[in-house]
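Asker: What shape does this take:
(chains A and B)
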Amino acid sequence: MFPFLTVMVALPVAGAGLLWALPASARSRAREVALAVTAVELVLAAVLVVQFDTATAGAFQFSETHAWIPQIGASWALGVNGIGLLMILLAALLTPLVIIAGWRDDASSPDRRRHYLALVLLSQAFMMGIFAARDVFLFYVLFEAMLIPLYFLIGSFGGAQRRYAAVKFLLFSLAGGLIMLVGVVALYFQGPGGEQAFLTDNLTGLTLSTTTERLLFVSFFVAFAIKAPMVPVHTWLPTVAETARPGTTALLVAVLDKIGTFGMLTLAVTLFPNAARWAAPVIIVLAVISVIYGAILAIGQQNMLRLVSFTSVSHFGIMILGIFAFTQTSIEGAAFYMFNHGLSTGALFLVVGFLIARHGSADVSDYGGLQRVVPVFAGTFLIIGLSALALPGLSPFVSEIMVLVGAFEVAGVAVIIAAIVVVLAALYVLLTYQKVFTGPVREGREDTPELSLRERLVLWPLIALMLILGFGPGLAIDTIREPSQDIVAVVAEEAGQ
Amino acid sequence: MTFTTPAIEWAPTAPFIVVLGAAALAILVEAIVRTPATRRLVQLILSLVALLAALGLVIVQWAMLKGAGTVVLEGMLTVDRQSLAWQAVLLVSGLLGTLLFAARTRAGEEAFASLGAASPGSTEETLARRKGLQVTEVFPLALFAVGGMMLFTSVTDLIFLFVALEVFSLPLYILVALARRRRLLSHEGALKYFLLGAFSSAVFLFGAALLYGATGTTAFAGVGTGIVGASGLDPIILTGAVFVVVGLLFKLGAVPFHSWTPDAYQGAPTPVTAFMGAATKAAAAAALIRVLYVALHPLAWELSWLIWVTAIASMLLGTVVALVQTEIKRMLAYSSIAHAGFILVALAGLPDQAVWALPFYLFVYGLATLGAFAVITQVRERGEDGTVLGEATRLGQWAGLGRRSPWLAGAMALFLLSFAGIPLTAGFVGKFVAFGAAISEGGWPLVLIAVIASAAAAFFYVRLVVLMFLTDVPEDQEDAIAIDYSPLARVVVIVTAVAIVLLGVVPGPVLAAFENAGVLLIGAAG
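Answerer: Numbers count the residues shown, from 1 in each chain, chains lettered A, B, ... in the order given. Modelled structure (predicted):
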């Protein structure tokens, strides 16, 4: 069978190499090369989706297993179930859009543009690999190595504080990752050993002593909680969002941070179900705090990039709440939300980025009355904003409701508190819209350009997708039902013992 | 008293004979060949040929070796796969180190003083420099050091271990003192290294004498059985064991026996620092393994506190002090202290896996060390009149190196990431197997401290990366730094960088070879 997933990992790496190797005469074509690579990647992802057999969505499909470092039990093992498929689709979809959104960046320096695009492609390769990894060692290696391109994406391109932001990001992530490393090494000695010791299949359903399992769970969970920024380890995100390019942040929050929740679902909970149940109450409390705290801080932000990043902290709280409620509906909702949040927040960062590109300021108070000048821009912004507050008809609504309804039966109080976010979300979205787009036109903002064709091409497909999935969520939910069932079954079965 | 001549097995001892013989021959070359330029060339070729021949012999032996290995020279020396693996590691370090020794700047300047005996700043020195004198003795000295280290990894007798220790230490003391620039600093480093080294040798020798007194033998295997059999001699045995281990920990550069490291690293000519950093640690770790696993194995539990305490102290002190360094060679010196801690982590509880994990760890650590110092030789200060001066070792001077020379800065970043243990570099695989060894014997608290130290260590490695890539060249400093071009140093950088990436991405075959080396042959009690 054609090794789809390996090709999807290798292609962006080759693309990045090509960009760095471009002869001086062809360097002005870097954007076209990068876009072509990501377009092929998107086509491959589409083929995956078409060929994916939803009847057995819980099983890994397109599986490949090759010996990699047999001495330490590591394999190059890829494969996707329904959840991984959605994440890969999201990564394949957003990367080209981010490249189109930044089409005019670095106009003065083709060299910087080339480096930026190469780093974006490298990041994409890591995302593909991580969402498809079926081997804990491989997952870990990619999880950590991904920090390098991201570090340079944040540190080399962006605002004045970018070096500080990059180092903060790296140290937070490394601290989590290295603690996870202890868990990964220790897991090897708990598993069956041998040349395929790290395959997730060989590590599920181990009989572990209670203490070992809990320690292992914590070592994995901390790394994922940092990645999916969860209170109290979320503080790197606003710093990064404020200084990095909106395109970088869109990729980071919309796709890369999902590795945190993805890892919780496919590794932390699946491998250590008893410990996950043991930790669930604490995690749910932290998740609810994230939901409320993130939303309240978002309301107080003047900087729109910081604002959007805090809304994400809030949304990640909902996903984590859904995961650790361990009901069929809540886990389905969380997995679906991971996809929808990617669309919604990705679009939100990009649209804010377009606004910043026009006037060079992310400050809400620098704008006003724009809806009279640029009605289409305002409308697009409003729809994307409404998707962030989970307006019915848009897909985030479906997933948020699924999480809240699904979690209600097991964690009623938590859900009631978390539901306050619906009101808070309305505040942070509508207040921002009001300040930026309504009222009298602010001086100097009269000649703001309307949304260009290129920008529409970036945003409208995302909106269309949210509408389609908002009215027909079954399209996506069909692929995540079985994997969610499996996770619920693993947790329930272990508890029954 | 009759004296019986020992039977000498020539084949297993061939690599040692080649390297040490070539060193002796090279001393003769010093006396015969008068023209400095020719002498340098002859010495370089002789060294490289000898090291390559020895490496070839080691590989042939590895391929031919049946069973566990051979005990040669009446039990003085054990040539097993473990010993061959270490010899190969040391020979690779020696080869790359020799290339760096021979590297010259574009203006033809060497790394070594023109006349080692001339006092710094004297007329003699100026004259020697003007006459174009060269200290080509560095090549035989390096060969002696490599030969001594190779012996050090294979010796299974405490007396012979001491001889090997001195054979490789004495040349290093001299090499450290031979820097061409900042000679006083170099002398200071060498003197400290020598005094503390002599002191630690004495401690080692005292320990060996105590062990001999308690067990009646100096052979490792005999000491091991003697310790088990001895009764009522615990104080002597324990003191002896601790002293012997301390002597080795000194060479490893573990806290609290580390204080020579920063000065020696900073003062030594950078090629010497590179070679010393890579090879001494490997030799020390090899001897430590043999002593701990063979001679002192019955004391594993008693000595474990020593390993734990020095490991923790090395990791913490190395990391914390490296954070505040402003001199790049000192920073790497403290990082090497932290790495000594990581090496000791793998030895906690004496797990089986450490016996093959450590050779691999030190192999990749040595490659990164050689590469990093090779890069340092290429970044130089430029004088007001445009001449290229000494190495720019203040951290601030590295600002914007990524603009000046992206490939060199990229290679340096790669070596730093390997030190930090970031995945897809060889350093990660090394750390993974070393930490795995520790966890297999329940050393996970130690590993937890090690990863926290790694996270903190990443901060200062990354600080240099930030300086190189994310900081602009200061306004008035545009011409203050010159990127030198020395083909030999560049070769070292390329070879090590490629090896670090390859061993990070597909370490399988090499790891398999090292895994085979994880067997110690315990010779019959001599």
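Asker: What parts of the stretch 1-150 of chain A come near chain B?
Answerer: Listed as neighbours of chain B in the stretch 1-150 of chain A under the rule CB under 8 Å from any CB of the partner chain: A:67-72, A:140-145, A:147-148. Just so you know, the C-beta spots here come from the backbone N, C-alpha and C atoms, and that holds for glycine as well.
Asker: buried subset of those?
Answerer: With burial judged by 16 or more other CB atoms under 10 Å in any protein chain shown, the buried subset of the residues of the stretch 1-150 of chain A next to chain B is A:68-72, A:140-145, A:147-148.
Asker: sorry, back to before: which ones among the residues of the stretch 1-150 of chain A next to chain B are found in strands?
Answerer: In this view, the residues of the stretch 1-150 of chain A next to chain B that belong to strands under DSSP state E are A:67, A:68, A:69.
Asker: Identify the residues contacting the closest residue to chain B within the stretch 201-350 of chain A.
Answerer: Ranked by CB to the nearest CB, the top residue of the stretch 201-350 of chain A for proximity to chain B is residue A:215, at 8.3 Å. Taking CB atoms under 8 Å, 6 or more residues apart in numbering or on different chains as the contact definition, residue A:215 lies against A:183, A:186.
Asker: Give me the three-state assignment for the most centrally placed residue in chain A.
Answerer: Centre of chain A computed as the mean C-alpha position; nearest residue by CA atoms, centre = their mean is residue A:255, 2.7 Å away. The local conformation at residue A:255, judged by DSSP: H, G, I helix; E, B strand; the rest coil, is helix.
Asker: Tell me who's in contact with it.
Answerer: Contact criterion CB under 8 Å, 6+ apart gives A:87, A:90, A:91, A:94, A:127, A:342, A:346 as the residues in contact with residue A:255.
Asker: switch to 10 Å and redo it
Answerer: Neighbour list for residue A:255: A:87-88, A:90-95, A:98, A:123-124, A:127, A:130-131, A:262, A:338, A:342, A:345-346 [criterion: CB atoms under 10 Å, 6 or more residues apart in numbering or on different chains].
Asker: Look up the closest residue to it, ignoring the ones flanking it.
Answerer: In space, residue A:255 comes closest to residue A:91 once its chain neighbours are excluded; the distance is 4.8 Å by CB to CB, 6 or more residues apart in numbering or on different chains.
Asker: Number of residues surrounding that neighbour?
Answerer: Residue A:91 sits with 29 neighbouring residues when counted by other CB atoms under 10 Å in any protein chain shown.
Asker: again with residue A:256
Answerer: Around residue A:256 there are 22 other residues, counting by other CB under 10 Å.
Asker: Sort out for me which of the buried ones among the residues of the stretch 1-150 of chain A next to chain B are in helices.
Answerer: For these, the ones inside helices are A:140, A:141, A:142, A:143, A:144, A:145, A:147, A:148, with DSSP state H as the criterion.
Asker: Put together a markdown table for these, with pLDDT on each row.
Answerer: A markdown table is the format used below for those (pLDDT from 0 to 100):
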| residue | pLDDT |
| --- | --- |
| A:140 | 94 |
| A:141 | 94 |
| A:142 | 94 |
| A:143 | 93 |
| A:144 | 91 |
| A:145 | 91 |
| A:147 | 91 |
| A:148 | 90 |
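Asker: can you give me the strands for chain B?
Answerer: Shown for chain B, the strands assigned by DSSP E span residues B:69-72, B:77-80, B:379-382, B:388-391, B:481-483.
Asker: Those strands: lowest mean pLDDT?
Answerer: Among the strands of chain B, strand B:69-72 carries the lowest mean pLDDT, at a mean of 81.
Asker: surely residue A:291 meets residue A:310?
Answerer: No - look at residue A:291 against residue A:310 with CB atoms under 10 Å: they stay out of range, at 11.1 Å.
Asker: Which one's more surrounded, these two?
Answerer: Neighbour tally, residue A:291 and residue A:310, criterion other CB under 10 Å: the higher count belongs to residue A:291, 28 against 25.
Asker: show me where the stretch 1-150 of chain B has helices.
Answerer: In order along the chain, the stretch 1-150 of chain B carries the following helices (DSSP state H, counting those that start in this stretch): B:10-32, B:36-64, B:81-102, B:123-131, B:138-154.
Asker: Kindly calculate the angle that the first one makes with helix B:138-154.
Answerer: When axes from the mean of the first three to the mean of the last three CA atoms, to 10 degrees is applied, the directions of helix B:10-32 and helix B:138-154 differ by 160 degrees.
Asker: got the angle between helix B:10-32 and helix B:81-102?
Answerer: If you take the same axes, to 10 degrees, helix B:10-32 sits at 20 degrees to helix B:81-102.
Asker: Would you write a PyMOL line that selects the buried entries of the contacts of residue A:255?
Answerer: Buried residues among the contacts of residue A:255 (16+ other CB under 10 Å), as a PyMOL selection:
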select buried, chain A and resi 87+88+90+91+92+93+94+95+98+123+124+127+130+131+262+338+342+345+346
